[in-house]
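Novice: here are the coordinates; sequence isn't available:
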């Protein structure tokens, strides 16, 4: 029996394959939707990429600013992070427009305190004398060719033998020793010829005494002697003739007031009528003893191994005295064994022991010396 089929049943039997549902219009709609989604994703990716680069740039700028600020401020104390010397007197204030790299670093300044109080000073110093580049006395720079006077004294000073019993300096002047990276300071008293080292005082030698008088008391008699001695030393360095050893003089002709150096030395020890003025003490390394520089009222000055006649009170056997000319010296005494512009020296035996110093062609000083 054939019953009539409902309409919905007939449609069901045809199925979706009989009448297509994925039409062209639907395809194009899907493609359009997919393309829109793809464009949106790309825009989101570009936004995230731009955000990442902005974050990196911010971090880089922050680091640069921090580094620049650190270089400008520096470590505690300023000066671009460079530490200053321990002595407050060495502080340098840079100009407002000076960059840290162009500001000079001040040298450390230290008072010399020996590491011990016996033995040679050179072994107790905080620096080696070979390291010294410059020496200053107050504001005076010691010439390079005279630095040896002070440096040699520091090396040869035996602290036990050169020690002074005095407690304080009457007039303090600083001697400054400049090395490559530091400045070392030693107080010095020109009136007593003493160094102050670590609370104790020590006598300098006679050469330092003359040098320091030339700097600190330029009008004194010791300063005048220093200038004459130094002029002769410089002339000797450039002298080409040397010493003429082909002849020598009899000892009695080269005496003053008929006394040799040894006789004058004994006389000065016993003198009571002519009281000396003590100009200061000195330490002599050769004998490791302290001596005295003294001036007597009759124009005689006693130095270390030297007796100098300052005026015409005393004359030689031939009548030579202070104030005579070179021509008179040549006539009365004769040719010297060593002839410089400012100094003529004469031999007695094997040594030059009699010396005439000239200023403007006139005898300035007569000296009897005792060679080492």
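Specialist: Cool, the structure landed. Please read these numbers as outputs of a predicted model, since none were measured by experiment.
Novice: any idea how far residue 130 is from residue 189?
Specialist: Counting by Cβ to Cβ, to the nearest Å, the gap from residue 189 to residue 130 is 27 Å. (Each C-beta comes from the backbone N, C-alpha and C, glycine too.)
Novice: Residue 245 too?
Specialist: Relative to residue 130, and taking Cβ to Cβ, residue 245 is found at 35 Å.
Novice: re the thing from before, so between residue 189 and residue 130, which is more surrounded?
Specialist: Under the neighbour definition other Cβ atoms under 10 Å, residue 189 and residue 130 were set side by side, and residue 189 has more, 22 against 8.
Novice: beta partners for the more buried one?
Specialist: residue 194 (DSSP bridges).
Novice: In contact with the closest residue to residue 310 other than its chain neighbours: list those residues for me.
Specialist: Nearest residue to residue 310 in three dimensions, chain neighbours excluded: residue 299, at 4.4 Å (Cβ to Cβ, 6 or more residues apart in numbering). Residue 299 is in contact with 309-314, 322, counting by Cβ atoms under 8 Å, 6 or more residues apart in numbering.
Novice: what's around the closest residue to residue 121 other than its chain neighbours, how many residues?
Specialist: Residue nearest to residue 121 in three dimensions, not counting chain neighbours: residue 157, with 4.3 Å by Cβ to Cβ, 6+ apart. Number of residues near residue 157 (other Cβ under 10 Å) recorded here: 24.
Novice: count of residues packed around residue 281?
Specialist: Residue 281 has 19 nearby residues by other Cβ under 10 Å.
Novice: Give me the secondary structure label for it.
Specialist: With DSSP: H, G, I helix; E, B strand; the rest coil as the basis, residue 281 sits in strand.
Novice: ok, it to residue 370 distance?
Specialist: 19 Å.
Novice: Check residue 164 too.
Specialist: 25 Å.
Novice: what's the answer for residue 191, then?
Specialist: Distance from residue 191 to residue 370, by Cβ to Cβ: 27 Å.
Novice: With residue 283 instead?
Specialist: When residue 283 is compared with residue 370 (using Cβ to Cβ), they lie 18 Å apart.
Novice: More neighbours: which of those two?
Specialist: residue 283 (29 against 14).
Novice: List the contacts of that one.
Specialist: Contacts of residue 283 by Cβ under 8 Å, 6+ apart are 157-158, 161-162, 202-205, 289-291.
Novice: Just among those, which is most surrounded?
Specialist: residue 204 (28 neighbours).
Novice: Neighbours of the residue nearest to that residue when sequence neighbours are not counted, how many?
Specialist: Among residues not flanking residue 204 along the chain, residue 193 sits closest, at 5.1 Å (Cβ to Cβ, 6+ apart). By other Cβ under 10 Å, 25 other residues sit near residue 193.
Novice: same check, this time on the one 5 residues further on
Specialist: By the other Cβ under 10 Å criterion, the neighbourhood of residue 198 contains 14 residues.
Novice: thinking it is in contact with residue 116, fair?
Specialist: No - Residue 198 lies out of contact with residue 116 (Cβ atoms under 8 Å); the separation is 9.4 Å.
Novice: Between these two, which contacts overlap?
Specialist: Shared contacts of residue 198 and residue 116, counting by Cβ under 8 Å, 6+ apart, come down to nothing at all.
Novice: show me what contacts the residue nearest to residue 204?
Specialist: Counting by Cβ under 8 Å, 6+ apart, residue 193 has contacts 203-204, 208-209, 212, 280-282.
Novice: and if we set it to 7 Å?
Specialist: Neighbour list for residue 193: 203-204, 208-209, 280-282 [criterion: Cβ atoms under 7 Å, 6 or more residues apart in numbering].
Novice: Tell me, what's the model's pLDDT at it?
Specialist: At residue 193, the pLDDT value in this model is 96.
Novice: With residue 289 instead?
Specialist: Confidence for residue 289, expressed as pLDDT, is 95.
Novice: so where is the stretch 151-300 of the chain shaky, pLDDT-wise?
Specialist: Within the stretch 151-300 of the chain, the stretches with pLDDT under 70 are 272-273.
Novice: If we use 80, what do you get?
Specialist: 271-275 (pLDDT under 80).
Novice: those strands in the stretch 151-300 of the chain, which residues are they?
Specialist: Counting by DSSP state E, counting those that start in this stretch, residue ranges of the strands within the stretch 151-300 of the chain are 173-178, 182-189, 194-197, 200-203, 276-284, 289-296, 300-303.
Novice: Export those to TSV and append columns for distance to residue 142.
Specialist: Converted to TSV, the strands of the stretch 151-300 of the chain look like this (distance: least, Cβ to Cβ, whole Å):
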stretch	distance to residue 142
strand 173-178	9
strand 182-189	12
strand 194-197	15
strand 200-203	19
strand 276-284	19
strand 289-296	21
strand 300-303	21
